[in-house]
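[1] just coords:
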């Protein structure tokens, strides 16, 4: 298993601003993912963070809104850009191929 | 389009009794299924998984059953303990595809 940490754990932001969320894994992993959990909803995959290349986005998510970096095999960032109240969610990163292991999440509130 | 469905949003069970959580899926390409447990303010924690070549997998108090023909799986927790009170998510993925599709979750409350 992998131990995953995320920063920040929570934030309150103003609309129109951007927030970058960091995800650190305690070991090298090939696969890293970013998910969103909107209030009362399930987890929805935003994108797969590929090391050394552009992220692969799921339908409904675009790079301009959710740019992702993956500079090495233990670290990734997700930026939520030009935020609106609809972006208020928990953002989670995960790692692993078979069983994915999740970070604690970042609770984002946009006012 | 929700490919993984957990139709029971909540379940209340007495301590010591069995908890049975159900999950249905629609995508016949799914071949690996997982259950996660989530406490408030924490990320999901992996519990147990099952491959489509099996119909049962057991790990301590947790057993997952898979019925491929019915596209249905269930998680049995026995005996249920107060620490089992959490949200349980069913997830699935296809062969050679590491992306997970999640159900909506079932909130389990274990009563003393």
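    Now that the structure is in, tell me what you want to look at. Just so it is clear, the model here is predicted, and its values are computed rather than measured.

[2] tell me if I'm right that residue A:85 and residue A:14 touch.
    No: applying C-beta atoms under 8 Å as the test, residue A:85 and residue A:14 come out as separate, 10.4 Å apart. Placement of C-beta: from N, CA and C, glycine included.

[3] what residues are shared contacts of these two?
    When contacts are counted by C-beta atoms under 8 Å, 6 or more residues apart in numbering or on different chains, residue A:85 and residue A:14 have A:110-111 as shared neighbours.

[4] residue of chain A closest to chain B, please.
    Chain B sits closest to residue A:102 of chain A, with a gap of 3.5 Å, by C-beta to the nearest C-beta.

[5] pretty sure residue B:108 is in a helix, no?
    No: read with DSSP: H, G, I helix; E, B strand; the rest coil, residue B:108 is strand and lies in no helix.

[6] which residue sits closest to it, ignoring its sequence neighbours?
    Spatial nearest neighbour of residue B:108, excluding adjacent residues (C-beta to C-beta, 6 or more residues apart in numbering or on different chains): residue B:11 at 5.0 Å.

[7] and for the one you found, the neighbour number?
    17 (other C-beta atoms under 10 Å in any protein chain shown).

[8] so for the helix or strand containing it, mean pLDDT?
    Element membership for residue B:11 (DSSP states H and E) is strand B:10-14. The average pLDDT within strand B:10-14 is 97.

[9] those residues of chain A touching chain B, which are they?
    A:1, A:4, A:31, A:33, A:41-45, A:48, A:58, A:92, A:94, A:96-105, A:107 (C-beta under 8 Å from any C-beta of the partner chain).
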